[in-house]
Every structure is written in C-alpha cells, then in structure tokens.
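Visitor: sequence plus the predicted model coming up.
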Amino acid sequence: MTGQQRIVALLVLVIAIVVVLGARHKRLNVDDVDVPIANLTLPRLVDLGSTTCTQCKKMFPVLDELKVAYADKLQVEFIDVKVDREASKAYNIRVIPTQIFFAADGRELYRHEGFISRTDILAKWSELGLELPAPTDGDGR
C-alpha cells in the first residue's frame, strides 16, 4: 500500500468511527419511531414512565390536565416503558419519568428527567417558542 492509500484508508476508518459514535448519541427524531403523519401538525410532549413508579404517578394528573387544556395546541402522550420495553431503547431513556418535548416536525427540542410540574412544562414550552395560555383553574400544578 502506498502512503496515499494508507491516508485514504485511515480517513475512511476515522469517518466510520465518527459515524458509529455519533449514531450512539443522536437525539431521537420523528424518523426514528412510528408516529402517524396526522400527529405531526402539533408539538408533542411525550412522558415515558410506568404505572408503578411514584414520580410517574405524580405526572398523571399533570399530563391529563395538559391533554384537556391544550388539546388543540399540544399532543400529550404517555408511554409505559414496563409495557413497551422497546420504547425505552428507542427514546434512549435512562430514568423514569422522562419528558421529551418535540417540535411539530418531530425534532426533539428538550428532555427532562423526573417529575416536572405543569407550570414548569408551560414555562419550558414558552422558552422553546410555543406560547400556551395559562389555564383558568389557577392551581398552578
């Protein structure tokens, strides 16, 4: 092998390593999971947890309130990772509950691990550029 061939082979090897390592750390996008096309018109909040985890159970009323209050502006989804074990891998979940904020086009914008209040969720959406009017019940959860 000539010196030039060795350099090309080394460059190909480096590029392959970068691609493999980059794939291990990539953020989840809509192309990585099956999302019905109809659901790509609204931003999404996906909560991954379980029905047996204490912090996850605290999220249920928050998620339910968001689903009702912002049904026309935000898609809210819960995935039980104990039932759907593949989701844990697909979304690269380390801790439950984990909330993932997705743009309407499916790009991951932000993720949070642990319990997060409705107020903090709304503040994060605002920071990400989605203004959601404050709910009228005023409990601030």
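Guide: That came through fine.
Visitor: shaky segments in this structure?
Guide: Along the chain, the parts satisfying pLDDT under 70 run over 8-40, 135-141.
Visitor: and the helices in it?
Guide: 3-24, 54-69, 85-90, 118-127 (DSSP state H).
Visitor: from Leu130, how far out is Lys124?
Guide: Lys124 is 9 Å from Leu130, where distance means C-beta to C-beta, to the nearest Å. Backbone N, C-alpha and C define where each C-beta goes, glycine included.
Visitor: how about Asn92?
Guide: Asn92 sits 23 Å away from Leu130 when distances are taken as C-beta to C-beta.
Visitor: for Ile121, same thing?
Guide: From Ile121 to Leu130 the distance is 11 Å (C-beta to C-beta).
Visitor: higher neighbour count, those two?
Guide: Ile121 (25 against 18; other C-beta atoms under 10 Å).
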